[in-house]
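K.L.:
sequence and computational prediction follow.
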Amino acid sequence: MAKKIVIVGSGVAGVNAATKLVDNGYDGSSITIIDMGKDPYNRKPEEVMTGFLGAGGWSDGKLTYHTAIGGQLSKYVGEKKAMKLMDEVITNFKRFHPKPEEVQCSNPIEEPEFIKPYFGLRLFPVWHVGTDYLSEIAKNWYDYLVSKGVNFMWETKVTRINFNSQEVFTDERPYGDFNNKYDELIFAVGKSGIDFAQQLQDSYKLETEPKSVQIGVRFEAPQKHFQKLIDISYDFKLYRKFEDKGVSLRSFCTNNNAAYVAVEETYGDLSYNGHAKKDPKYLNGMTNFGILMEINGIDNPFEWSRNIVSKLQFGGKGLYYSPTRKPSKTSEGNEMNVHQINTLKEVGDIMGEYWDYIVDFITDMKTVFPTLSNDWGIYIPEVKYLSPEPLVYPRDLALVDFPNVHFVGDALSARGITVSGAQGILAVEKFVSPDEWDNIHGDMTHWG
Ligand SMILES: Cc1cc2nc3c(=O)[nH]c(=O)nc-3n(C[C@H](O)[C@H](O)[C@H](O)COP(=O)(O)OP(=O)(O)OC[C@H]3O[C@@H](n4cnc5c(N)ncnc54)[C@H](O)[C@@H]3O)c2cc1C
């Protein structure tokens, strides 16, 4: 009989894990996926963080295709295997896409001279799925998993997991006879479950690796100012590094043409991100991208970031500053949930010395893109909460102390769709061809 596999989180990682299993003949009825969000038929576009296909799989569709981008994968399995796993994720997105021929890859190869004195430019391939197709992809993908017998529990929050008795506990929901025992657990809660991941790490005293702070702003401006660079690299990544200060900055997740800023809510505070639509009716001629700082060497980076984010709120909203502009509307035509401020002084006081790096970044962009001038705005803050990464076996991402519990996706070390999906697949490979897997991995149960 197939082992009972419970997957917590139906985001990119959880869904790719389940797909790998049923594609290879695993009995779908032995798989249960629990998610606090909704299925793709009931999930609304503005429910950005929770539900089938998770965060980026619902609101954006840029599948980065490089092991240096989007978190760690080659560290576990090496370069070749990492690329193979990412290929599987991209194939899945194409396979459930209503128009797979529209999925395109951009692959810039040369850093242009005009940005060189001020910024570096990271060049890597990206597959563009198109935001507008994500909900259709999600429905097709969901129908496939249901047809294979996979059980789903929607709008159900997992509140406790007992790794010793192998039980999952949910909040009160009418799933009367849900057997909460598991043989194998895939923990794929993404960013919206990061506090839960932290709680488990604390209560089981899991061995972890500390992570850096990742904080900044979402920058928005008319696209025309950046067109010269967008023609070379659609999702351009400008970066600069201050090695001696332990600080680096990068532009992050660029959206063009029909580009909208998205609100994220974590721990009751608002922060900002962005997404792009593909349908021509959404064209707005805007560009937005994060300007994210990675800060190393801060004690308790997670608490530090949360504290800063909570101070950067006004009346339950994040902040917007522009020398000349007003906040844009959401893709649904609603007012953006943000409070406009007229000066950046208080932001500078809250962010301290780190704020200067952001200001310098924007100042230099004004030099490199001369028409930009004061025609821009920033949504404050943008943040990536990286909780300490639990120590896992590289071959299957199982916890060193609990080998039947696998941490995957943003809950582990990923920061992107492709890497998260790939980690989900890696975690379950051993269940689809156990003999082959044993031959490769033998008795290797520890790092190295
Ligand atoms: C607006 C936005 C745009 C993005 N755009 C891109 C992009 O273009 N390209 C890219 O590569 N990355 C992008 N990302 C990042 C990307 O979305 C994530 O890296 C990826 O979704 C992580 O996958 P995951 O499966 O680990 O988690 P998620 O996709 O976040 O899914 C986690 C799931 O777990 C569920 N969950 C959490 N806690 C619980 C609980 N206690 N009980 C039950 N269910 C729970 C949630 O409801 C959610 O559905 C974007 C993120 C956002 C927010």
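P.N.:
Great, that's in hand. Quantities reported herein were computed from a predicted structural model and do not represent experimental measurements. Numbers count the residues shown, from 1 in each chain.
K.L.:
can you tell me which residues in the stretch 101-250 of the chain are near the ligand?
P.N.:
Residues of the stretch 101-250 of the chain that fall close to the ligand, judged by Cβ under 6 Å from any ligand atom: Lys157, Val158, Ala188, Val189, Gly190, Lys191, Ser192, Gly193, Phe196. (Each C-beta comes from the backbone N, C-alpha and C, glycine too.)
K.L.:
mark which of the residues you listed are part of helices, please.
P.N.:
Using DSSP state H, the members of those that fall in helices are Phe196.
K.L.:
could the residues of the stretch 101-250 of the chain next to the ligand go into CSV alongside pLDDT?
P.N.:
As requested, these are exported to CSV (pLDDT from 0 to 100):
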residue, pLDDT
Lys157, 93
Val158, 94
Ala188, 98
Val189, 97
Gly190, 94
Lys191, 88
Ser192, 89
Gly193, 92
Phe196, 93
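K.L.:
just the strands in the stretch 251-400 of the chain please.
P.N.:
Here the stretch 251-400 of the chain has its strands, by DSSP state E, counting those that start in this stretch, at 259-266, 269-276, 286-295, 318-321, 338-341, 377-384, 389-390.
K.L.:
how about the ones you listed in TSV, adding mean pLDDT?
P.N.:
Output for those, formatted as TSV (pLDDT from 0 to 100):
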stretch	mean pLDDT
strand 259-266	92
strand 269-276	93
strand 286-295	97
strand 318-321	98
strand 338-341	98
strand 377-384	96
strand 389-390	88
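K.L.:
which one of those strands lies closest to Val432?
P.N.:
In this view, the strands of the stretch 251-400 of the chain are compared for proximity to Val432 by Cβ to Cβ, and strand 389-390 is the closest at 24.1 Å.
K.L.:
for the helix or strand just after that closest one, name the packing helices and strands.
P.N.:
Next helix or strand after strand 389-390 toward the C-terminus (DSSP states H and E): strand 405-407. If contacts are counted by 3 or more Cβ pairs under 8 Å, 6 or more residues apart in numbering; DSSP states H and E, strand 405-407 sits against strand 184-187.
K.L.:
and the helix or strand containing Val15, is it in reach of the ligand?
P.N.:
Here Val15 sits within helix 12-23, counting by DSSP H and E. Yes. Under the criterion of Cβ under 6 Å from any ligand atom, the ligand is reached by helix 12-23 at Val12, Ala13, Gly14.
K.L.:
ok, and the most crowded of the residues you listed?
P.N.:
Ranked by neighbour count (other Cβ atoms under 10 Å), those have Ala13 at the top, with 37 neighbours.
K.L.:
show me the shaky parts of the stretch 1-150 of the chain.
P.N.:
Within the stretch 1-150 of the chain, no range satisfies pLDDT under 70.
K.L.:
how about the contacts made by the residue of the stretch 151-300 of the chain found nearest the ligand?
P.N.:
Residue nearest to the ligand within the stretch 151-300 of the chain: Gly190 (2.2 Å; Cβ to the nearest ligand atom). For Gly190, the contact set (Cβ atoms under 8 Å, 6 or more residues apart in numbering) comprises Gly9, Gly11, Val12, Ala13, Met49, Gly54, Ala55, Gly409, Asp410, Ala411, Ser420.
K.L.:
can you check Thr159 too?
P.N.:
Contacts of Thr159 by Cβ under 8 Å, 6+ apart are Phe169, Thr170, Asp171, Phe196.
K.L.:
would you turn these into CSV with neighbour count and secondary structure?
P.N.:
Formatted as CSV, the contacts of Thr159 follow (neighbours: other Cβ atoms under 10 Å; DSSP: H, G, I helix; E, B strand; the rest coil):
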residue, neighbour count, secondary structure
Phe169, 11, strand
Thr170, 17, strand
Asp171, 11, coil
Phe196, 21, helix
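K.L.:
of those, which is the nearest to Gly28?
P.N.:
Comparing these against Gly28 with Cβ to Cβ places Thr170 closest, at 20.4 Å.
K.L.:
my guess is that closest one meets Trp154, correct?
P.N.:
No. Counting by Cβ atoms under 8 Å, Trp154 is not a contact partner of Thr170; they are 11.2 Å apart.
K.L.:
number of residues surrounding Asp435?
P.N.:
Asp435, neighbours per other Cβ under 10 Å, totals 7.
K.L.:
same question but for Pro100, I mixed them up
P.N.:
So Pro100, with other Cβ under 10 Å, has 14 neighbours.
K.L.:
now the residue lying closest to it once chain neighbours are set aside: how far from Val405?
P.N.:
Nearest non-adjacent residue to Pro100, counting by Cβ to Cβ, 6 or more residues apart in numbering: Lys94, 4.4 Å away. Remark: distance between Lys94 and Val405 (Cβ to Cβ, to the nearest Å) = 31 Å.
K.L.:
same drill for these two, tell me which one is more crowded.
P.N.:
A direct count of neighbours by other Cβ under 10 Å for Lys94 and Val405 places Val405 higher, at 23 against 17.
K.L.:
could you measure that one against the ligand, distance?
P.N.:
Noted for Val405: a distance of 15 Å to the ligand, by Cβ to the nearest ligand atom, to the nearest Å.
K.L.:
beta-bridge partners for that residue, please?
P.N.:
Leu185 (DSSP bridges).
K.L.:
which residues touch it?
P.N.:
Counting by Cβ under 8 Å, 6+ apart, Val405 has contacts Ile161, Phe163, Glu184, Leu185, Phe187, Ala398, Leu399.
K.L.:
and what of Leu412?
P.N.:
By Cβ under 8 Å, 6+ apart, Leu412 lies in contact with Glu389, Pro390, Val392, Leu397, Gln423.
K.L.:
secondary structure element holding the spatially closest residue to Leu121 that is not a sequence neighbour?
P.N.:
Counting by Cβ to Cβ, 6+ apart, Leu121 lies nearest to Glu111, which is 4.6 Å off, once chain neighbours are set aside. Using DSSP H and E, Glu111 sits within no helix or strand.
K.L.:
how many residues are close by Glu111?
P.N.:
By other Cβ under 10 Å, the residues close to Glu111 number 15.
K.L.:
likewise for Ile7?
P.N.:
Ile7 has 30 nearby residues by other Cβ under 10 Å.
K.L.:
what residues does the helix or strand containing it touch?
P.N.:
Using DSSP H and E, Ile7 sits in strand 5-8. Contact with strand 5-8 is made by 14, 17-18, 21, 30-35, 158, 161, 168, 180, 182-189, 193, 428, 431, as judged by Cβ under 8 Å, 6+ apart.
K.L.:
for ChimeraX, what selects the buried ones among the residues you listed?
P.N.:
Listed next is the ChimeraX selection for buried residues among the contacts of strand 5-8, using 16 or more other Cβ atoms under 10 Å:
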select :14,17,18,21,30,31,32,33,34,35,158,161,168,180,182,184,185,186,187,188,189,193,428,431
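K.L.:
cool, thanks, talk later.
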